[in-house]
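Undergrad: Build me a model from this:
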Amino acid sequence: MQKLDEQWNAKDISVWQKTHDNTLLKAKYRLYLTATPRIYSSKAKDELGKKSKGKDLLLFSMDDETLFGKEIYELKFSKAISEKLLSDFRVVISYIREEYLAEYLGKLTKAQENSKLTIENAGKMISFANALNKINMSFVDENGIHEAYKDDTKPMKKAVVYHSSIRNSKFVTEKFPKISRNIILRHIDGTHNAYKKAEQLFWLSDNGDECRVLSNAKCLTEGIDVPSLDAVCFFDKRDSMVDIVQAVGRAIRKSEGKKYGYIILPLVLSDEEIKNYDKTLKGDKFKIVWHTLKALRSHDERLIDEARIAEVVSLLTDSSGITELPEATLFTLEELFNEMKNAVPKNLGDLQYWENYASKVGDIMQKLMLRIQALLDSSSAIQKLFATFCKALQSNLNASFNESEAIALVAQHIITKPIFTCIFPSLDFATFDKVSAELEKLHSKLLEQGLSAETQTLEKFYTSVQESAHYARSDKSKQNLIKNLYDTLFKEAFKKTQEKLGIVYTPIEGVDFIIHSTQYLLQKHFGKSLGDRHIHIADPFVGTGTFITRLIQSGYLDSNLESKFTKELWANEITLLGYYIAQINIATTYHERLVALGDSDLGEQCGSVVDFVKGTNAKFANLPQNPQSSHSPTANLRILEEEKQAGRENTPPPLRIPRW
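TA: Take a look at the predicted model:
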């Protein structure tokens with residue numbers, strides 16, 4: 001077998017040809033690994049046909065299965081990011097008012113004018129410097145509303161700049177000290193030997209206090225590995241989609257403490273162009289943006305909607321750190337730097353951009369709670385349904401739950417129901433359990449009063465969750481999706497709950513390690529298995545149910561699953577939303593496992609899946625009816641221990657599983 005990686009198209013083409021000649025290198029199979037498949041479109045084939053002037057032309061397009069065979073496996077950027085194999089990325093569009101820069105450059109001396117530092121070059125360099133510093137960054141949506149950008153404000157330390165020519169790269173490297181003394185640039189190009197290239201890459205990867213940038217032309221798209229690289233910047237338009245995607249790949253390698261890789265696109269726009277983003281998108285000056293987005297689009301289906309770029313992040317640079325510029329340098333006016341702005345497409349390249357909606361969800365929840373309270377005060381029908389719902393909460397979960405907590409849960413349900421419908425499409429809230437049934441009745445009545453209008457601004461968010469749920473096919477990916485919702489959305493949107501009780505969730509890998517380690521230790525020291533009878537398993541802070549669901553999915557309980565689930569699995573959660581999600585998550589996971597086992601050799605031990613709904617009682621160790629403290633996280637475990645010592649079997653309310 002012959003393995004050909006992505007560097008095959010970067011070196012000697014004659015070697016590439018020789019590897020495909022069976023008289024020179026006999027191979028039964030050739031395995032191709034590439035991030036950028038070489039594919040010729042119909043248009044390209046027609047153009048090449050014309051250029052061949054009637055001569056026979058054999059094109060090796062990698063989508064031709066007769067030549068290359070079928071694709072064995074594909075890992076998209078989006079999936080690699082969701083599985084934490086790559087860092088997520090953001091696109092930064094830097095710009096400065098052209099008129100302001102022209103006014104300032106008009107004051108230059110003749111000697112400075114001879115430096116050939118054009119408006120465009122000066123603007124790009126200043127834009128790039130300020131983008132690296134990430135000063136005063138804020139989100140700006142399509143309506144011009146600013147949102148604080150607090151997600152990743154640490155200045156960048158390492159970047160690679162790509163130029164279309166060696167001359168441009170050398171020019172920027174030479175002039176950049178006049179822009180910033182704190183950012184060190186070095187030049188490298190395709191004429192340098194391997195030793196020089198390795199030397200410069202070592203300098204870039206070395207951990208120093210200053211910001212280091214490698215400016216290059218005709219190299220550094222392939223074969224470099226600097227995981228700590230923060231950003232890549234395209235100073236010029238690049239025609240090769242392969243080169244652009246390869247370059248972007250350099251910025252999204254994982255490294256410790258790195259949250260995002262950045263793609264910086266420095267531009268020089270006029271006032272009118274800044275005001276009219278949508279119109280400007282189609283202008284010549286945005287060709288560099290579209291070339292990059294089209295390149296990324298070949299790997300990431302998220303970079304499709306042109307309108308998304310109207311949602312931007314604006315970075316307004318202050319004068320801090322600029323005052324030490326020496327008087328002899330080209331740019332000495334602080335105002336010039338104060339004119340700098342950077343725009344980041346809010347949704348582009350951000351797989352889990354759900355955190356952008358956190359503040360919006362929090363505001364919507366407050367509005368919903370106020371409207372629900374107003375409806376309770378004015379409608380006897382809604383009052384009656386709400387009273388029934390509160391009674392179900394208190395009798396099934398905790399007698400201490402009050403009206404305000406119940407209203408909060410209703411508001412959370414209105415917001416989160418579309419999310420769980422995406423993740424669990426067969427879930428029927430009306431028949432799930434007593435609490436869900438009463439909540440769904442109240443929910444339907446409230447929607448009749450127009451409350452659904454409050455969540456209209458979340459439609460794009462719901463669509464994003466739906467897309468993620470579509471690709472979350474494995475058990476692990478579903479659990480990661482639910483965990484990501486808590487990490488990126490709920491703990492920010494529902495801050496009061498987070499501050500009061502804390503929302504901290506263990507990574508799936510950590511959960512799996514604990515489960516497998518416990519199973520190993522049980523077998524080694526006690527000769528027992530997690531699935532054996534009389535082995536009770538308790539999760540004191542169940543959260544969204546990750547530990548219990550991964551335990552069920554591990555297979556350790558398969559031989560005794562139904563009995564284990566109904567008699568020996570215990571869980572406790574003191575947040576209503578957490579309990580509610582865990583209830584859905586664990587129940588659906590259990591049912592899916594039973595369905596899977598119904599077709600296996602273990603199916604007989606699991607009983608009838610069809611009749612299973614009627615007889616299932618999940619033992620949740622929920623808050624006791626009259627706890628000593630309504631907020632005591634150990635109340636349940638204390639009651640459970642007392643009951644075990646007394647030899648009594650506690651039977652909490654049944655958790656009914658939805659029928660598929």
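Undergrad: switch to C-alpha atoms for all contacts and neighbour counts from now on
TA: Noted.
Undergrad: and residue 593, what is it in contact with?
TA: Each residue near residue 593 by Cα atoms under 8 Å, 6 or more residues apart in numbering is listed here: 552, 553.
Undergrad: quick one: it and residue 150, what's the gap?
TA: Computed as Cα to Cα, to the nearest Å, the residue 593 to residue 150 distance reads 41 Å.
Undergrad: Is the residue nearest to residue 227 when sequence neighbours are not counted in a helix, a strand, or coil?
TA: Nearest residue to residue 227, sequence neighbours excluded (Cα to Cα, 6 or more residues apart in numbering): residue 253, at 4.8 Å. Assigned with DSSP: H, G, I helix; E, B strand; the rest coil, residue 253 falls in the coil class.
Undergrad: Tell me the spacing between residue 253 and residue 181.
TA: 28 Å.
Undergrad: what about the two, which has more around it?
TA: Taking other Cα atoms under 10 Å, residue 253 and residue 181 do not tie; residue 253 has more neighbours (21 against 15).
Undergrad: Show the model's pLDDT score for that one.
TA: With respect to pLDDT, residue 253 scores 88.
Undergrad: same deal with residue 317?
TA: At residue 317, the model reports a pLDDT of 35.
Undergrad: just residue 170 next, same as before
TA: 92.
Undergrad: likewise the one 5 residues further on?
TA: pLDDT for residue 175: 87.
Undergrad: Also residue 490?
TA: 67.
Undergrad: Count the neighbours of the closest residue to residue 548 other than its chain neighbours for me.
TA: Excluding the flanking residues, the one nearest residue 548 by Cα to Cα, 6+ apart is residue 586, at 6.7 Å. Using other Cα under 10 Å, residue 586 has 22 neighbouring residues.
Undergrad: For residue 579, see how far away residue 586 is.
TA: Here residue 586 is placed at a distance of 10 Å from residue 579 (Cα to Cα).
Undergrad: same check, this time on residue 237
TA: Distance from residue 237 to residue 579, by Cα to Cα: 52 Å.
Undergrad: Can you pick out the residue with more neighbours from these two?
TA: Between residue 237 and residue 579, counted using other Cα under 10 Å, the more crowded position is residue 579 (22 against 19).
Undergrad: mean confidence score for the host helix or strand of the more buried one?
TA: Assigned by DSSP states H and E, residue 579 falls within helix 576-598. For helix 576-598, mean pLDDT is 80.
Undergrad: returning to what we had before: for the residue nearest to residue 227, list the residues it contacts.
TA: Shown in contact with residue 253 (Cα under 8 Å, 6+ apart): 85, 86, 87, 226, 227, 228, 229, 261.
Undergrad: Tell me the one among those residues nearest to residue 524.
TA: Nearest to residue 524 out of those is residue 85 (Cα to Cα; 33.8 Å).
Undergrad: Might one say that the closest one is in contact with residue 254?
TA: Yes - the pair residue 85 and residue 254 qualifies as a contact (Cα atoms under 8 Å) at a distance of 6.9 Å.
Undergrad: how long is stretch 34-49 end to end?
TA: 26 Å.
Undergrad: what does stretch 455-462 give?
TA: 10 Å.
Undergrad: Can you list the buried residues in that stretch?
TA: The neighbour-count check on stretch 455-462 (16 or more other Cα atoms under 10 Å) flags 455, 461, 462 as buried.
Undergrad: again with stretch 381-400
TA: Buried, per 16+ other Cα under 10 Å, within stretch 381-400: 382-383, 385-400.
Undergrad: ok so, going back, and the residue nearest to residue 548, how close does it get to residue 580?
TA: 10 Å.
Undergrad: what does residue 200 give?
TA: Distance from residue 200 to residue 580, by Cα to Cα: 55 Å.
Undergrad: Which parts of this protein belong to which domain?
TA: Domain ranges of the chain: 2-68, 77-351, 352-502, 506-660, per automatic domain parsing.
Undergrad: Residue 62 is in contact with residue 34, isn't it?
TA: No - the pair residue 62 / residue 34 is not scored as a contact, 10.4 Å apart, by Cα under 8 Å.
Undergrad: Looking at these two, which has the bigger crowd around it?
TA: Under the criterion of other Cα under 10 Å, the comparison of residue 62 against residue 34 puts residue 62 first, with 17 against 14.
Undergrad: Residue 423 is in contact with residue 478, isn't it?
TA: Yes - in this structure, residue 423 is within contact of residue 478 by Cα under 8 Å, at 7.5 Å.
Undergrad: Pull up the overlap in contacts between the two.
TA: Counting by Cα under 8 Å, 6+ apart, the residues touching both residue 423 and residue 478 are residue 469.
Undergrad: the more surrounded of these two?
TA: For the pair residue 423 and residue 478, the greater number of neighbours falls to residue 423 (22 against 19), based on other Cα under 10 Å.
Undergrad: List the residues that contact the more buried one.
TA: Contacts of residue 423 (Cα under 8 Å, 6+ apart): 466, 469, 478.
Undergrad: Secondary structure and pLDDT for these - can I get that in JSON lines?
TA: Listed next are these as JSON lines, based on DSSP: H, G, I helix; E, B strand; the rest coil; pLDDT from 0 to 100:
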{"residue": "466", "secondary structure": "helix", "pLDDT": "76"}
{"residue": "469", "secondary structure": "helix", "pLDDT": "72"}
{"residue": "478", "secondary structure": "helix", "pLDDT": "71"}
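Undergrad: which one is residue 570 nearest to, not counting chain neighbours?
TA: residue 538 (4.5 Å).
Undergrad: now the one you found, what's its secondary structure?
TA: Residue 538 ends up strand, using three-state DSSP.
Undergrad: Around it, count how many other residues there are.
TA: 17.
Undergrad: Then the one 5 residues further on?
TA: Around residue 543 there are 27 other residues, counting by other Cα under 10 Å.
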